[in-house]
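> Coordinates for the following, if possible.
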Amino acid sequence: MQTARDKIRELRSLHEDGLLSQQEFDSRKNAILDAEYAPPGGSGTPMAPAIHIRQGTEIGLMVGQEIGPQNRRYRLEQLIAQGGMGQVWQAMDLATHAELGHSAMVALKILPPQFTQSATHAKLLIEEATQARRLAHEHIVRVYEWAQDPATSSYFIIMECLEGEDLDSLLAREGPLSLERVQELLAPIGDALQYAWDKHKLVHRDIKPGNVFVTKKGEIKLLDFGIAARARSSASSIGLEAPGNSGTAGYRAPEAGTLQRQPSRALDVYAVAVMIYQMVEGRMPFDGPRSASHEPPRPEALSAREWEALRSGFAFDPDQRPLTVPDLLAALRGAVGPSPQELADQHAAQQAQEQLAHAAQQAAQRAQDEVRARQLAVQRKADAEAAAAAHLLKEKQRKEQEAIERAEADAAKRERKEALSRQLRERREADAEKERKAREEQQRKAMQLKAVAAYRAEQQRAREEMAERSVAASAVEPSAPVSEPGSPVADTDGVLRDRFLDGTGKGPELVLLPTGRFQMGSPEHERKIAMRAGSQQSWVERETPQHWVGIEQPLAMGRFPVTVGEWRQFVRASGWQPQGDVNWAEPGFAQADDHPVVGVTWHDAQLYVRWLTEKTGQVYRLPSEAEWEYACRAGTRTAFSFGDEIDPSLANYDGNYTYNGSPKGEYRQGTTRGGLFAPNPWGLYDMHGNVWEWVQDTVHDNYQGAPNTGDAWEQGGDQSRRILRGGSWLYNPRYLRSALRNGFSAQLSNDIVGFRVARNIAMP
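Down below sits the predicted model:
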């Protein structure tokens, strides 16, 4: 392990090369010295040379280092922050390039090993991280997952990566703030705390400027929800901190050190009140331990009523504080206007000002009378001169108005002529567009009739073969009943289902697709909208270049993704055993037989379609990526098959986020049953959202060299990863676009990934 001296030498080299500022160099150097010489209790007093820190308490991480389990590695890119609770790094997700649940860049909060040395403490921290993952609020930083690095035994939390600064940095840069600005910054924090309590009965317990983050876009985010307090609780049990402490010194309420069966919201109210004092006054209200009689001075920026409202927030007795942080902020907003004493002082000052104003007014009146007399004489002379000038001006204005009216009449005439020409041109363009759409509709109907004819021919061949078998069977055993295992079954809506050859069941519901051509990928204007919604440049470039693809062979595709009930039938018949981390039968949310199955790898999907082929005698497979997008678009050219906007009434996704001006809505936190939402124009359900769907193709960076025949692209690319399409219940709406491409390891399963089947239709 590197010594403190080696680490400081490397930091100095970075600083001399211009890669570290003086402030960042000093901050990191002090953290290294603290970790090397400070006692475990954190008192800051240097230890004697003969006493050593407990082995394993120093994290010792560097830029470029990879951490995490073998199948989920992260490369450390930049140290964002560090302190007694560990380090926060910006890191790159190396396993999947952030393709499932978050962007490529994430934030890792790496906890010191001494906080998780026992299994009990580690379990408590894991429970906190799991609980924080359920907090889906726009003003709470998203927690994705937790993991442990086998090399350092350090636990770390994987979180949303933010760009901006915390309130500590903002206050250091701007100094004291106005009360209005303070309320603007803290109102979102109050909303976030209220949400956490209402939804999960959670209290933050460590509110401070360092845990409030302001992004470059001006968004306010609350950090470390409960994790820091849990870590301190674990640290206290091994002698690293006073027992029972919750929160940071200075912001910690007096009762925080007492035993409490359930943390109270009064802890957060106290901490926010201290922060408000600090933000408007530029210093902390209490220099040391708090006593019941200690009263800080009133900030000059606050009126008496505002000061009274703020004092109630950090009252020594928690029962005297407002119930919630929003209540505290509301009390401050309502404390406008002066106190009774201030009103009396203002009234006396106003009377004195009125007396002075009255005396000045009398003196001014006398002076005005004298001036008015002189002005009257001058005014009479000026009136006569003005009357003559007004006559001349009026005549000039009349002539100018006539010229303006003639010019306006000429302009109106030209505008009418241009409008008639424009209307004629638009009418011609509309007629041409109408004719083009009519041709396309005629072509589509012809392709549909061709596919139906192929399907009917296949049915006819099956009936003829069955009739021949029936005749042969009757010649041997005339009394035997005639059955038709393996023959296709179609309902009145044209939905096809193949019977199993052994008569034990039927395959998934299928929809016949017409042959035709379409443009695969996204146009430039759609990519710009996706980037405004938060997509990265590297993601949308995967959808280029846009190119024409022909689907020349008729096929049928699963009406729904493969369901839990259909997968259970396969499991019972084949004896399949899962290899992934996700239990398909209990994925962590409620599912019924008509929900899409999850927890299935790409190789598991291959086993299913081979089994289905054997059971029905028909060729089943995964669709190619081109066939999937062709079926998803269903003849449309917009971002989604129902237009360029989306809302949670049309698909299952994280409704806390919007796309292209669409409204927010419900976040269902799990899959939904098939048929809950309307199908696309070709009768296919859940092509947008619910679960990502495996296709046959390997992962390529873009469409350079892609086939234009609709076949799967399995040559080259990353052979260990396969394409996913459609988005899922956990993702933002921008991931649900028809053109969006994702990729995932073919060996892994996930609670947001499923698949649907395709089936070849033989031509007559």
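
> Enumerate every residue touching residue 727.
Residues in contact with residue 727 (C-beta atoms under 8 Å, 6 or more residues apart in numbering) are 651, 653, 688-689, 692, 733, 735-737, 740. Where you see a C-beta, it was placed from the backbone N, CA and C, and this is true even at glycine.

> sorry, that was for residue 73
Applying C-beta under 8 Å, 6+ apart to residue 73 gives the contacts 66-67, 94-95.

> rerun at 7 Å
By C-beta atoms under 7 Å, 6 or more residues apart in numbering, the contact set of residue 73 is 66, 94-95.

> same thing with residue 319?
By C-beta under 7 Å, 6+ apart, the contact list for residue 319 is empty.

> What score does it have for pLDDT?
For residue 319, the pLDDT comes out at 93.

> So it, which state does it fall into?
helix (DSSP: H, G, I helix; E, B strand; the rest coil).

> any idea how far it lies from residue 419?
According to C-beta to C-beta, to the nearest Å, residue 319 stands 74 Å off from residue 419.

> Which strand in the chain has the most residues?
Scanning the chain for the strand with the most residues, using DSSP state E, yields strand 74-83.

> quick one: strands adjacent to it?
Looking at strand 74-83 with DSSP bridges, its partner strands are strand 66-67 (antiparallel), strand 86-93 (antiparallel).

> can you put these in TSV and add distance to residue 391 and mean pLDDT?
Shown next, in TSV, are these (distance: least, C-beta to C-beta, whole Å; pLDDT from 0 to 100):
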stretch	distance to residue 391	mean pLDDT
strand 66-67	91	90
strand 86-93	79	87
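
> Point out the most buried one among those.
Highest mean neighbour count of those: strand 86-93, a mean of 22 (counted as mean count of other C-beta atoms under 10 Å).

> Work out the gap between the helix or strand following it and the centre of the chain.
Following strand 86-93 in sequence order, the next helix or strand is strand 105-110 (DSSP states H and E). Put simply, strand 105-110 sits 16 Å off its chain's centre (C-alpha atoms, centre = their mean, to the nearest Å).

> where does the helix or strand following strand 105-110 sit relative to the chain's centre, distance-wise?
Remark: after strand 105-110, the chain's next helix or strand is helix 119-133, criterion DSSP H and E. Counting by C-alpha atoms, centre = their mean, helix 119-133 is centred 23 Å from the centre of its parent chain.

> Ok, stretch 632-645 next?
So, by C-alpha atoms, centre = their mean, the centroid of stretch 632-645 is 22 Å from its chain's centroid.

> Stretch 133-146 too?
Distance of stretch 133-146 from the chain centroid (C-alpha atoms, centre = their mean) equals 9 Å.

> tell me the mean pLDDT for it?
Averaged over stretch 133-146, pLDDT sits at 88.

> Please write out the alpha-carbon positions of that stretch in PDB.
In PDB, the C-alpha atoms belonging to stretch 133-146 read as follows (Å, rounded to 0.1, in the frame of the first residue of the first chain):
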ATOM      1  CA  ARG A 133     -33.000   3.400  -4.000                       C
ATOM      2  CA  ARG A 134     -36.800   3.600  -3.500                       C
ATOM      3  CA  LEU A 135     -36.700   7.400  -3.100                       C
ATOM      4  CA  ALA A 136     -37.800   8.500  -6.500                       C
ATOM      5  CA  HIS A 137     -38.000  12.300  -6.100                       C
ATOM      6  CA  GLU A 138     -36.700  15.100  -8.400                       C
ATOM      7  CA  HIS A 139     -34.900  16.800  -5.500                       C
ATOM      8  CA  ILE A 140     -33.300  13.700  -4.000                       C
ATOM      9  CA  VAL A 141     -30.200  12.300  -5.700                       C
ATOM     10  CA  ARG A 142     -30.900   8.900  -7.200                       C
ATOM     11  CA  VAL A 143     -29.300   5.900  -5.600                       C
ATOM     12  CA  TYR A 144     -28.900   3.000  -8.100                       C
ATOM     13  CA  GLU A 145     -27.200   0.200  -6.200                       C
ATOM     14  CA  TRP A 146     -24.500  -0.800  -3.700                       C
END
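
> What residues sit buried inside that stretch?
Across stretch 133-146, burial judged by 16 or more other C-beta atoms under 10 Å covers 133, 135-137, 139-144, 146.

> Repeat that for stretch 743-762.
Residues 743-746, 748-759, 761 are the ones in stretch 743-762 that count as buried (16+ other C-beta under 10 Å).

> Following the record's annotation, map out the domains of the chain.
4-160, 166-227+242-334, 356-484, 489-760 (automatic domain parsing).

> Rebuild those domains as TSV, extending it with distance to residue 348.
Output for those, formatted as TSV (distance: least, C-beta to C-beta, whole Å):
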stretch	distance to residue 348
domain 4-160	46
domain 166-227+242-334	17
domain 356-484	13
domain 489-760	54
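
> Lowest mean pLDDT across these, which one is that?
Sorting these by mean pLDDT places domain 4-160 lowest, at a mean of 71.

> Tell me where the stretch 351-500 of the chain has strands.
All strands of the stretch 351-500 of the chain, identified by DSSP state E, counting those that start in this stretch, fall at 488-490, 495-498.

> any idea how far residue 549 is from residue 706?
8 Å.

> Note down every partner strand of the helix or strand residue 697 falls within and its orientation.
Assigned by DSSP H and E, residue 697 belongs to strand 692-699. Here strand 692-699 has these sheet partners by DSSP bridges: strand 718-725 (antiparallel), strand 753-755 (parallel).

> Just tell me which of the ones you listed ends up closest to residue 676.
For residue 676, the closest of those is strand 753-755, at 15.1 Å, according to C-beta to C-beta.

> got the contact list for residue 691?
Counted by C-beta under 7 Å, 6+ apart, residue 691 has contacts 561, 596, 598, 671, 728, 752-754.

> Adding secondary structure and distance to residue 622, write the residues you listed out as TSV.
Shown next, in TSV, are those (DSSP: H, G, I helix; E, B strand; the rest coil; distance: C-beta to C-beta, whole Å):
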residue	secondary structure	distance to residue 622
561	coil	12
596	strand	15
598	coil	16
671	coil	20
728	coil	17
752	coil	18
753	strand	13
754	strand	12
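
> which of those residues sit farthest apart?
Spatially, the most separated pair among these is 561 and 752, at 11.8 Å (C-beta to C-beta).

> just the contacts of residue 73 now: which is nearest residue 388?
residue 94 (89.9 Å).

> Residue 625 and residue 697 touch, don't they?
Yes - here residue 625 reaches residue 697: they are 4.3 Å apart, a contact under C-beta atoms under 7 Å.

> Name the residues contacting each of the two.
Counting by C-beta under 7 Å, 6+ apart, the residues touching both residue 625 and residue 697 are 712-713, 723.

> Most neighbours among the residues you listed, which one?
Highest neighbour count within the shared contacts of residue 625 and residue 697, by other C-beta atoms under 10 Å: residue 723, with 26 neighbours.

> any chance of the strands paired with strand 692-699 in TSV, plus distance to residue 11?
Formatted as TSV, the strands paired with strand 692-699 follow (distance: least, C-beta to C-beta, whole Å):
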stretch	distance to residue 11
strand 718-725	37
strand 753-755	43
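
> closest to residue 590 out of those?
Nearest to residue 590, of the strands paired with strand 692-699 and by C-beta to C-beta, is strand 753-755 at 15.9 Å.

> That concludes my questions; thank you for your assistance.
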